[in-house]
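> quick one: sequence plus predicted model below, questions after.
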Amino acid sequence: MKDKLMVGGQAVIEGVMMRGPQLVATAVREPSGKISVQTKPVHSVGDRWPILKKPLLRGVVSLYESLILGIKSLSYSAQMAGEEDEQLSDKEMAGTIAFAFAMAVVLFVVIPTGAARFFHTITEDPVFLNLMEGVLRLLIFLAYIFAISRMDGIYRVFQYHGAEHKTIHAYEAGGPLTVENVQRFSRLHPRCGTAFLLIVMVVSIFVFAFLGWPDLWLRIASRVVLLPVVAGISYEVIRFAGRSTNPVVHVATLPGLWLQKITTNPPADEMIEVAIQSLLAVLPPEERARMGWPDEDREALAAACGAAAATEDIKDRAACAAAEPALDTKN
């Protein structure tokens, strides 16, 4: 597993976004059935300031960059899936991020810390009150996850989420990136963003527990200011858990995996095809070749895809989907 690139991703509308060390790719199934792929280079602020790649700091950078890439990928997928006429402008994206952050502060900071004051009838101990606030935050988070899982249209997005996890598992295991092989793997992954958010909720309980119990606005401000600290610690925890084979660590990650049973659904074969295409698009040529997908001339790939379209053999169709980035990549 040491020779494998660190690849992550997320589900988008009718597709999957994958991020590798050098590239980020978003593959989307268009209404016509065609798979379109947008591939772009990854520009991290850590490349300019190496200190930001140090433990704790890299988690904050990763969270910020993942948010930006995620919104861009969602905007692209909505356009390709026919749900939007054009992608978000920089101004619209900034507004979207600001609104999302404000809503997160209200939902996971203002409401739980405000509601925790009702525990004053039990005790005035600030540690206890902070712990109760953390428990309320965790319960709100779980209720939020469950609520969005019941929304119309989210089931398919969570299917693509499952396809993303299965494909990354298959890649990390070193097996062939075919639909049959990918479907064999679990749709639950220890490095999932859902697990990360759960760890954030748990870590925040311990970080905020000993901050005292000042007035409401100071409590809210302290939670917002310390969010980068919580994110940095949580990132290191999930990074370690994703690479560890220690049975104790495995047990500790089980709640995050269980939660993914809500945020992922079993994907259809066509969704696996999209995820495979997205993953292959971020791999360098030598890695593609090692995985059994050498870069060939465009005419040969086009001929192979034409043959696959005329057969019911799922292997041929998977091969076509996996080869598609070389034929139809939009930069």
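Perfect, I can see it now. Numbering: from 1, shown residues only.
> okay, CA-based contacts and neighbour counts for the rest of this
Fine.
> quick one, phi/psi of Val16?
Dihedral angles phi and psi of Val16 (degrees, to the nearest 10) take the values phi -140, psi 140.
> now it: how far from Pro285?
According to CA to CA, to the nearest Å, Val16 and Pro285 sit 21 Å apart.
> which of these two has more neighbours?
When Val16 and Pro285 are compared for neighbours, Val16 comes out ahead with 32 against 14, by other CA atoms under 10 Å.
> what bridges to the more buried one?
Ala11, Ala27 (DSSP bridges).
> so it touches Gly8, yeah?
No. Using CA atoms under 8 Å, Val16 makes no contact with Gly8, being 10.5 Å away.
> which residues does Asn265 contact?
Each residue near Asn265 by CA atoms under 8 Å, 6 or more residues apart in numbering is listed here: Tyr155, Arg156, Phe158, Gln159, Tyr160, His161, Gly162, Arg187.
> the first one falls within a helix, correct?
So that's Tyr155. Yes. Assigned with DSSP: H, G, I helix; E, B strand; the rest coil, Tyr155 falls within a helix.
> least trustworthy helix or strand in the chain by mean pLDDT?
strand 329-330 (a mean of 42; mean pLDDT, DSSP states H and E).
> so where's the stretch 51-200 of the chain shaky on pLDDT?
Residues of the stretch 51-200 of the chain that meet the criterion pLDDT under 70 lie in 85-86.
> which stretches in it count as helices?
57-80, 90-105, 111-115, 126-149, 154-173, 179-183, 193-208 (DSSP state H, counting those that start in this stretch).
> out of the ones you listed, nearest to Pro21?
Distance to Pro21, taken as CA to CA, is lowest for helix 57-80 among the helices of the stretch 51-200 of the chain, at 12.0 Å.
> quick one: the residue lying farthest from the centre of the chain from Arg58, how far?
For the chain, the residue at maximal distance from the C-alpha centroid (CA atoms, centre = their mean) is Thr121, at 40.7 Å. Thr121 is 41 Å from Arg58, where distance means CA to CA.
> with Glu287 instead?
From Glu287 to Arg58 the distance is 25 Å (CA to CA).
> looking at those two, which one has more neighbours?
Arg58 (21 against 16).
> quick check, the more buried one in contact with Gly232.
Yes. With contact defined as CA under 8 Å, Arg58 and Gly232 form a contacting pair (6.9 Å).
> shaky segments in the stretch 201-331 of the chain?
For the stretch 201-331 of the chain (pLDDT under 70), the answer is 291-331.
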